[in-house]
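>>> Give me the fold of what follows.
(2 chains)
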Amino acid sequence: MAHREQFRIELTVNGRRESGAAEARLLLSDFLRHTLGLTGTHVGCEHGVCGACTVLVDGVPVRSCLMFAVQVEGGEITTVEGLAKGDELSPLQEAFREHHGLQCGFCTPGFLISALDFIRRNPDPDELSIREGLSGHLCRCTGYEGIVAAVHAAAKRMRENKPKP
Amino acid sequence: MKPAAFRYAAPGSMIDALHLLRESGEEARVLAGGQSLVPMMNFRLVQPSVLIDLNRMPGWSFIDIRDGALVIGAMTRQAMIEDSSVVASHCALLADAVRLVAHRQIRTRGTLGGSLALAYPGAELPLVVLTLGGEITVASLDGERCIPAVKFFRGALSTSLRPDELITSVRLPLCAANAGMAFVEVSRRHGDFASVGAAVVLELDGASNIRLARIGVTGVTAMPVCAASAEAALLGKPAVEESFAAAAGIAAAEVDVLDDSQYPALYRRELVAAIVRRGLRLAASRVGGVDGA
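Coordinates of the predicted model:
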């Protein structure tokens, strides 16, 4: 007998209260995309290796394809849709654009989320640490050079933008 | 690529979880980090009819020093271990090894307990726990027991955990403050399980001879193993390249080695020799002054 019990999930996404119904087996990635209509989070492999589905859950990057929506009841999620302020791209997004950090854009949302977390923890990273820090993401288009350059440039800009104490 | 339906429960306490586990029997699976289980569910390789989510039980995520040991709760996220200054200062081996577990985005959810319960061949954390002579505390409704690591890991994906038991914490005895430690791994890509991995701990006496050596190896056979003959061969020897080369050769010869389609046994033995040697060299270079000076 399949268990089709619907759970009511209430959470905060990109600073807004959201809610939806879900079976227990609904993946967070599918909840974001189909229940909440936030299709910026992409699904590439559904087994945790490609990184395209990465979002922030309670401030840390996770594979949304490896969590069930019911698990984030009461939580705070940041998706790629939450990075820009209206029409103003975040420094990281600007840097990806300037340094050709994307071609088809499929992997990009995951990279942006992980890069944001990475820069927060490593404000002045060198190339090797960027490559290692983002090794959980696959890109079929760019060969990663533009992505590494973008993250390096974004980290620099974000250091410069930080208000001096 | 979507999981089959299941009944979901998120118990608020260990006791509730243990009751659920016993009631549900073979139909249940336990969800800790989910970084190995959920992919299997997404592929429908496993289709539990009951999923017991352990992530709503407070109190099982902690990193403490108690009575000369590092004690870590089973639900402690690998990322928390990675970021811990207590781990960095008291157990460099664990600090180094945890950074090699998959990727950051996996470690933010993956747990220590989950990694040990899965016992995947080539996994880093089981090797560390074995090499340090760790003890795994497990609980059921009948009580608690402490299982030494060497008895816990039985084979590939096989432990001595009973179906109605949950890991609650792991106890890692601390080494001498000036011990040198190294974790060395060969893998096809950054973040993969180790094709072959070695964990090494060295302590030296006043004359710079080896007074304690621990060498653990993973990826060679179904579970992590200690290279006991190599360890014994190092006692009393000077901490120099010759000693390391000899011990590495003994380690490579003494371990049982899988001969599979990925790597022939001969190659695995060569990898063991190379990384044990590298690990001994690295550990020796990190030994502090005698008596912590």
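>>> Burial check on residue 101, number of neighbours?
Assuming you mean chain A. 28 (other CB atoms under 10 Å in any protein chain shown). From N, CA and C alone the C-beta is placed, and that goes for glycine too.
>>> meant chain B actually
Neighbour number of B:Val101 under other CB under 10 Å is 22.
>>> cool, B:Ser140 as well?
By other CB under 10 Å, the residues close to B:Ser140 number 16.
>>> Can you read off the pLDDT for it?
You'll see B:Ser140 listed with a pLDDT of 97.
>>> Now do the contacts for the residue in chain A that chain B sits nearest to.
Scanning chain A for the residue nearest chain B gives A:Gly136, at 2.9 Å (criterion: CB to the nearest CB). By CB atoms under 8 Å, 6 or more residues apart in numbering or on different chains, the residues touching A:Gly136 are A:Gly51, A:Thr54, A:Ser114, B:Ala102, B:His103, B:Arg104, B:Gln105, B:Ile106, B:Gly191.
>>> low pLDDT regions in the chain?
You didn't pick a chain, so chain A it is. Scanning chain A for pLDDT under 70 picks out A:1-2, A:164-165.
>>> The chain in question should be chain B.
For chain B (pLDDT under 70), the answer is B:289-293.
>>> residue ranges for the helices of it, please.
B:14-24, B:37-42, B:78-83, B:85-90, B:92-98, B:104-107, B:112-118, B:124-131, B:149-152, B:228-234, B:241-254, B:265-285 (DSSP state H).
>>> just these: most buried one?
Among these, helix B:124-131 has the highest mean neighbour count (mean count of other CB atoms under 10 Å in any protein chain shown), at a mean of 28.
>>> and that one, how far out from the chain's middle?
3 Å (CA atoms, centre = their mean, to the nearest Å).
>>> is any part of the lengthiest helix in chain A close to chain B?
The single longest helix within chain A, with elements called by DSSP H, is helix A:145-161. No. Counting by CB under 8 Å from any CB of the partner chain, chain B is not contacted by helix A:145-161; separation bottoms out at 13.8 Å.
>>> Looks to me like A:Arg25 is in a helix.
No. Under DSSP: H, G, I helix; E, B strand; the rest coil, A:Arg25 sits outside any helix and is assigned coil.
>>> Could you check how far the nearest residue to it once chain neighbours are set aside is from A:Glu73?
Sequence neighbours aside, B:Pro3 is the residue nearest to A:Arg25 in space, at 4.5 Å (criterion: CB to CB, 6 or more residues apart in numbering or on different chains). Distance, B:Pro3 to A:Glu73, using CB to CB, to the nearest Å: 18 Å.
>>> So for these two, which sits in the more crowded spot?
More crowded of B:Pro3 and A:Glu73, by other CB under 10 Å: B:Pro3, with 23 against 15.
>>> The residue in chain B that chain A sits nearest to: neighbour count?
Residue nearest to chain A within chain B: B:His103 (2.9 Å; CB to the nearest CB). Burial measure for B:His103: 24 neighbouring residues, criterion other CB under 10 Å.
>>> A:Gly59 versus that one, what's the distance?
17 Å.
>>> what do you get for A:Ser29?
18 Å.
>>> ok, the two, which is more surrounded?
Applying other CB under 10 Å to A:Ser29 and A:Gly59 shows that A:Ser29 carries more neighbours, namely 23 against 12.
>>> Ignoring the adjacent residues along the chain, who's closest to the more buried one?
Excluding its sequence neighbours, the residue lying closest to A:Ser29 (CB to CB, 6+ apart) is A:Ser64, at 4.1 Å.
>>> burial measure for the one you found, as a count.
Counted with other CB under 10 Å, A:Ser64 comes out at 31.
>>> Then the one 3 residues further on?
For A:Met67, the count of nearby residues is 25 (other CB under 10 Å).
>>> ok, the closest residue to it other than its chain neighbours - contacts?
In this structure, A:Met67 finds its nearest non-sequential neighbour in A:Leu28, 4.3 Å apart by CB to CB, 6+ apart. Taking CB under 8 Å, 6+ apart, we find A:Leu28 in contact with A:Val55, A:Val57, A:Ser64, A:Cys65, A:Met67, A:Phe68, A:Ala69, A:Gln71, A:Val72.
>>> Tell me how far A:Asn122 lies from B:Leu54.
31 Å.
>>> Could you check which of these two is surrounded by more residues?
In this view A:Asn122 and B:Leu54 are compared by other CB under 10 Å, and B:Leu54 has more residues nearby, 22 against 14.
>>> right, and that one touches B:Trp60 too?
Yes. Taking contacts as CB atoms under 8 Å, B:Leu54 lies within contact range of B:Trp60: 7.5 Å.
>>> Mind listing the shared neighbours of the two?
B:Met75.
>>> Now do the same contact list for B:Val128.
Here B:Val128 is in contact with B:Leu93, B:Leu94, B:Ala97, B:Gly134, B:Leu172, B:Phe183, B:Ala199, B:Gly216 (CB under 8 Å, 6+ apart).
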